[in-house]
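S.K.: prediction below, plus the sequence it came from.
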Amino acid sequence: MSEKKKFALVTGGSRGIGKAICLQLARDTEYKILINYQSNESAAQETLNAIEKIGGSAELIQFNVGEAEEVQSKLDNWHEDNKEAIIEVIVNNAGITKDGMFMWMKPEDWNSVINTSLNGFFNVTNHLIQKLLVHKYGRIINMVSVSGLKGTPGQTNYSAAKGGIIAATKALAQEIAKRNITVNAVAPGFIRTDMTGELDEKELKKMIPLNRFGEAEEVAHLVSFLASRKASYITGEVININGGIYS
């Protein structure tokens, strides 16, 4: 039997932290990168071009992580076209925010955030896990947030979604450790991306012991380590990367 082609799937991989993770995995590992995006194809294509520029290899896969049937059909089609391939690393990065005070929060703002982050984790990971279990090796890395650990006012929906993934990470890690599959969560604090572009960095960094926002690349280095064989004995962990804001 020929050696399987090994892939790392990064959901929401077209911009921000997701893009940085795609690039870092391409630099540090032998994986071919599967860049998932929902609607911004040009940004995803830019990420792919950047990976090829540094000598890596990647392809695009479009689906909305929150739509279970779409996730299944797109991944099934991909496996059909790539019979010799295994997605060995799953980085559940896709997420959205719909911030607002809880008392005024609309059901759709609650549901869409929970659906993308929490159900998105389920839809993607649940569909791929069977193959990892048979393969007896894998890395599942869930991008969470300081909000999921300490809760952030104005982000009850986002905090609930990320808190849910943190608990799921710990439970799933125990279920599948015997198969050499690790499950960890990475919890960034304030990282300089489009998502934090509206925030008052000057004011907020006063709360951060390191007195600055983090860079997406710093988060990506941590994810790349967890995706490597060097991290074989780390599972069920939530690793904070937040400049000391919650330690």
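M.R.: Right, received. Where do you want to start? Numbers count the residues shown, from 1 in each chain.

S.K.: phi and psi next, for the closest residue to residue 33 other than its chain neighbours.
M.R.: Of all residues not flanking residue 33 in the chain, residue 58 sits nearest, at 4.0 Å (CB to CB, 6 or more residues apart in numbering). Placement of C-beta: from N, CA and C, glycine included. Listed backbone geometry of residue 58 is phi -150, psi 160, with angles given as degrees, to the nearest 10.

S.K.: same check on residue 100?
M.R.: Main-chain torsions, residue 100, degrees, to the nearest 10: phi 170, psi 160.

S.K.: surely the residue nearest to residue 33 touches residue 49?
M.R.: No: using CB atoms under 8 Å, residue 58 makes no contact with residue 49, being 9.0 Å away.

S.K.: between those two, who's got more neighbours?
M.R.: Taking other CB atoms under 10 Å, residue 58 and residue 49 do not tie; residue 58 has more neighbours (24 against 10).

S.K.: for this protein, what spans make up the strands?
M.R.: Taking DSSP state E to define them, one finds strands in the chain at 5-10, 32-37, 58-62, 85-92, 138-143, 181-188, 191-192, 214-215, 238-241.

S.K.: distance to residue 229 and mean pLDDT added to these, as CSV?
M.R.: Shown next, in CSV, are those (distance: least, CB to CB, whole Å; pLDDT from 0 to 100):
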stretch, distance to residue 229, mean pLDDT
strand 5-10, 12, 97
strand 32-37, 17, 98
strand 58-62, 21, 98
strand 85-92, 11, 98
strand 138-143, 9, 98
strand 181-188, 10, 98
strand 191-192, 26, 92
strand 214-215, 25, 96
strand 238-241, 17, 98
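
S.K.: pLDDT below threshold where in this structure?
M.R.: Within the chain, the ranges that satisfy pLDDT under 70 run 1-3, 195, 197, 247.

S.K.: out of the strands of the chain, which is closest to residue 122?
M.R.: Residue 122 sits nearest to strand 85-92 of all the strands of the chain, at 9.4 Å, using CB to CB.

S.K.: who does the closest one pair up with?
M.R.: If you go by DSSP bridges, strand 85-92 pairs up with strand 5-10 (parallel), strand 138-143 (parallel).

S.K.: just those: most buried one?
M.R.: Stretch with highest mean neighbour count among the strands paired with strand 85-92: strand 138-143 (a mean of 24; mean count of other CB atoms under 10 Å).
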